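Trainee: Would you be able to build a 3D model of this:
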Amino acid sequence: MGELSPHPWGAISHSPAATALTHPRQNALVLSRTPAVPDPRLVDRARHSAAEGFATATIELPGSGDRPRRPAVEQARADLRRVLEAGEPVGDEIVDALVLPLVDRAVPEWQAALDALLPLPGIGGPVGYSGGVISVGVRLAVVEPRIVAAALFAGSFVPRVMFEEARRVTVPLHVLLQWDDEGNDRQAALDLFDAFGSREKSLHAHMGGHTGVPRSAADAAVQFFTRHLR
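Mentor: Model prediction:
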């Protein structure tokens, strides 16, 4: 995580691999994905969560922000743009090359982030995970026992292998889907939701594109975590 330094919210890690925003409370709410310069929408979500009594944290995903790019992943991203612009179907090989390396690298980093954050004064469990890339959340919910609930954003392409992992997910799930998301396979998102093994799972669909998530969706996610983390 890098060395933690004083910050009005609690702490920020200045490691090039992570940026962590924390608030001194006894529960931990993990928020995924932030650029090198924090997105105002994500900062607003973190403040909203902190106001409800949760700690918040986020890390810079591999290949994002100032982190080194991987040529194979960059090629897959270029291939994805090409087929989308041409109106062609997105093949499994592109999705696998784009998403699976990210999952394999990001999940251990999230676990390391929890190792670093949970011993801090005023920070404790249980832990929830929120955000996308949804495949990262699926893997983390399977392999990380400290995650007891997850709010997932179905806004990214999903490798077929992740459907089998989804069947092993048992924690309560709150899944958000933007119905008109231009960069998402809606049917695959619905199929993934159906595959989740959790006995408690809910799907929240809203009209609009990828960035058109209404504020009420954030309120619903906080209510979900309030039920399961307290």
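Trainee: what secondary structure does T211 sit in?
Mentor: Three-state call for T211 (DSSP: H, G, I helix; E, B strand; the rest coil): coil.
Trainee: Look at it and say how many residues are nearby.
Mentor: Counted with other C-beta atoms under 10 Å, the neighbours of T211 add up to 9. Where you see a C-beta, it was placed from the backbone N, CA and C, and this is true even at glycine.
Trainee: same question, E164
Mentor: E164: 9 surrounding residues under other C-beta under 10 Å.
Trainee: what pLDDT does it get?
Mentor: pLDDT for E164: 97.
Trainee: quick one: it from A113, how far?
Mentor: Note on E164: its distance to A113, by C-beta to C-beta, to the nearest Å, is 26 Å.
Trainee: and if you look at A195?
Mentor: Taken as C-beta to C-beta, the spacing of A195 relative to A113 amounts to 27 Å.
Trainee: can you map out the helices along this structure?
Mentor: For the chain, helices defined by DSSP state H occupy the ranges 40-51, 71-85, 92-117, 134-143, 161-166, 186-195, 215-229.
Trainee: P126: which of these is closest?
Mentor: Across the helices of the chain, P126 has its closest neighbour in helix 215-229 (5.2 Å, C-beta to C-beta).
Trainee: ok, and which of the helices of the chain has the densest surroundings?
Mentor: Counting by mean count of other C-beta atoms under 10 Å, helix 134-143 has the highest mean neighbour count of those, with a mean of 24.
Trainee: Report the rounded mean pLDDT for that one.
Mentor: Across helix 134-143, pLDDT averages out at 96.
Trainee: Contacts for that helix next, please.
Mentor: For helix 134-143, the external contacting residues (C-beta atoms under 8 Å, 6 or more residues apart in numbering) are 32, 61, 99-100, 102-103, 106-107, 110-111, 129, 131, 147, 150, 152-156, 158-159, 162, 165-166, 168-169, 171, 173, 189, 192.
Trainee: cool, and stretch 90-100?
Mentor: 72-73, 75-77, 79-80, 83-84, 133, 135, 156-162, 185.
Trainee: now the helices of the chain as JSON lines including distance to A57?
Mentor: Output for the helices of the chain, formatted as JSON lines (distance: least, C-beta to C-beta, whole Å):
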{"stretch": "helix 40-51", "distance to A57": "8"}
{"stretch": "helix 71-85", "distance to A57": "24"}
{"stretch": "helix 92-117", "distance to A57": "6"}
{"stretch": "helix 134-143", "distance to A57": "13"}
{"stretch": "helix 161-166", "distance to A57": "23"}
{"stretch": "helix 186-195", "distance to A57": "25"}
{"stretch": "helix 215-229", "distance to A57": "13"}
